[in-house]
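Asks: Quick check, what structure comes out for this input:
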Amino acid sequence: QGAVEKLEGKVSALDEGWPPGVDPVKQYTTYRFLIASVYASFLKDEEFDKLRERAKDQDGSHEAFVSLAWTAPHKLRQRALAERMEARAAWQRYFETHDALLLPAAFTTAFPHDHSTPQWHREIQTPEGPRSYEDLYFWITFATFTGLPATIAPIGASSSGLPIGIQIIGPYLEDATPLDFATMTKELFGGFKPPAGYMD
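Replies: Numbers count the residues shown, from 1 in each chain. Predicted coordinates:
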């Protein structure tokens, strides 16, 4: 919010809120489904059969969700691909009247690496309590899911001195737009400042 306040007066206009026609939860869910489905090609036949049986019980767990994504019939995958095109159309309408969209880069600053598996069992500690590692996918969904260009620009630091970034999303194939906006933020926020121990 502080970054938005600094930008006021530096840009022609700022609108808050999700664009009309953009359902962030639906786009996030469909994006996760498509990402997870990629791994289906690596499954052995016996693994596939076991997961297909697990997918029949959609109990709201991550395990059930990825089991469905890994074993979904062609019809479900085609529906997800159609939803991606609908999402792209919604963003295209938005960028007919807007130059860029500003979003958080993530819900947290840098955190210790965790290579434990399965990935969805990992947790990230935050001041508000532990969060699932999978939650990191939310804010990257909207550019990645629809192929929009995005740039992360530093806008300050946390109380512990770790950099905080803002995500700048631009219109489809207009990569220069978020890059130009990021250049402007450097003048306002001073650019990247290495935290203590950055080169250690």
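Asks: and residue 153, how many residues sit next to it?
Replies: Per other CB atoms under 10 Å, the neighbour tally for residue 153 reads 23. C-beta: built from backbone N, CA, C; applies to glycine.
Asks: That one in helix, strand or coil?
Replies: Recorded secondary structure, residue 153: strand (DSSP: H, G, I helix; E, B strand; the rest coil).
Asks: If it is in a bridge, with which residues?
Replies: Beta bridges link residue 153 to residue 166 when assigned by DSSP bridges.
Asks: Now do it, the pLDDT please.
Replies: The model reports residue 153 with a pLDDT of 94.
Asks: Is it correct that it is in contact with residue 179?
Replies: No - applying CB atoms under 8 Å, one finds residue 153 not in contact with residue 179, separated by 9.4 Å.
Asks: which residues does the spatially most central residue of the chain contact?
Replies: Against the mean C-alpha coordinate of the chain, by CA atoms, centre = their mean, the closest residue is residue 140 at 1.6 Å. Residue 140 sits next to 150, 167 when contact means CB atoms under 8 Å, 6 or more residues apart in numbering.
Asks: How about the backbone phi and psi for it?
Replies: phi -90, psi -10 (degrees, to the nearest 10).
Asks: Now do it against residue 105, distance only.
Replies: From residue 140 across to residue 105, the span is 8 Å (CB to CB, to the nearest Å).
Asks: Quick check: neighbours shared by the two?
Replies: Contact with both residue 140 and residue 105 is made by residues residue 167, according to CB under 8 Å, 6+ apart.
Asks: Which residue ranges make up the domains of the protein?
Replies: 1-19+98-200, 20-97 (automatic domain parsing).
Asks: Lowest average pLDDT across those?
Replies: domain 1-19+98-200 (a mean of 88).
Asks: for the chain, what spans make up the strands?
Replies: 101-104, 123-126, 129-132, 150-157, 163-169 (DSSP state E).
Asks: Select, out of the ones you listed, the one closest to residue 110.
Replies: strand 163-169 (7.4 Å; CB to CB).
Asks: Could you count how many residues lie near residue 146?
Replies: Residue 146, neighbours per other CB under 10 Å, totals 21.
Asks: and if you look at residue 46?
Replies: If you count neighbours by other CB under 10 Å, residue 46 ends up with 8.
Asks: how about the strands of the chain in TSV, adding distance to residue 115?
Replies: TSV is the format used below for the strands of the chain (distance: least, CB to CB, whole Å):
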stretch	distance to residue 115
strand 101-104	25
strand 123-126	14
strand 129-132	16
strand 150-157	23
strand 163-169	23
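Asks: Among these, show me which one is buried the most.
Replies: Highest mean neighbour count of the strands of the chain: strand 163-169, a mean of 20 (counted as mean count of other CB atoms under 10 Å).
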